[in-house]
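Asker: give the three-dimensional model of this entry:
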Amino acid sequence: MAFPHDGKKFSPGESGNPNGRPRKLPALDALIEKVLGDEKEGVTAAEAILMKLRQQAATGNIKAAEILLDRAFGKAKQAHEISLMDPDGNALQPSININLIQPKSG
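Answerer: Here you go, the predicted structure:
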C-alpha cells in the first residue's frame with residue numbers, strides 16, 4: 001500500500017497532514033435522538049423500527065430475532081477451549097509465571 005506522502009521525507013516541523021483530523025459531525029447523539037424521536041401518528045421512529053423488527057422476528061426472520069434479543073439481553077457468551085500440545089502431541093498444562101522485581105533505589 002502506498003503512503004499518501006509517496007515517499008516524500010518531511011522536514012522537522014512539517015506535517016504530513018496539515019489540515020489535521022477531520023471534525024466529527026456536531027452533536028451526533030442529539031441528531032440521532034431527533035431523528036429517532038420524530039413522531040408520526042403518535043409513534044416514534046425508534047418504536048416503529050422496534051415494532052417492525054418484532055414483526056419480522058415473529059414470522060421467522062432469525063436475524064431480526066437475533067438483533068432484538070442481543071439488544072434486550074446482551075449477546076450470548078461463548079466458551080472457548082484452548083489446548084496446548086508439545087511437538088510429540090502430548091497435552092501441556094498452561095501456566096503463568098509472574099516475576100516481581102524490586103525497583104532499584106537510586
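
Asker: and the longest helix along the chain, what's buried?
Answerer: Counting residues, the longest helix in the chain under DSSP state H turns out to be helix 45-58. For helix 45-58, burial by neighbour count (16 or more other CB atoms under 10 Å) applies to 53, 56-57. Just so you know, the C-beta spots here come from the backbone N, C-alpha and C atoms, and that holds for glycine as well.

Asker: please report how far the residue most central in space within the chain lies from D29.
Answerer: In the chain, the residue lying closest to the centroid (CA atoms, centre = their mean) is K75, at 13.0 Å. Separation of K75 from D29 (CB to CB, to the nearest Å): 23 Å.

Asker: on that earlier part again, how close does the residue nearest to the centre of the chain sit to L69?
Answerer: 9 Å.

Asker: quick one on the thing from earlier: where does the residue nearest to the centre of the chain fall, phi/psi-wise?
Answerer: Per-residue torsions, K75: phi -70, psi 150 (degrees, to the nearest 10).

Asker: run a quick neighbour tally on K63.
Answerer: 10 (other CB atoms under 10 Å).

Asker: what's the helix or strand for it?
Answerer: K63 belongs to helix 62-73 when elements are defined using DSSP states H and E.

Asker: which of the residues in that helix are buried?
Answerer: Those would be 64-65, 68, for helix 62-73 by 16+ other CB under 10 Å.

Asker: quick one: average confidence on the next helix or strand after that helix?
Answerer: Once the chain leaves helix 62-73, the next helix or strand it forms, by DSSP H and E, is strand 84-85. Strand 84-85 shows an average pLDDT of 81 in the prediction.

Asker: parallel or antiparallel, list what pairs with strand 84-85.
Answerer: strand 91-92 (antiparallel) (DSSP bridges).

Asker: list the contacts of the partner strand.
Answerer: Strand 91-92 is contacted from outside by 83-86, using CB atoms under 8 Å, 6 or more residues apart in numbering.

Asker: please apply the same query to stretch 70-84.
Answerer: 91-94.
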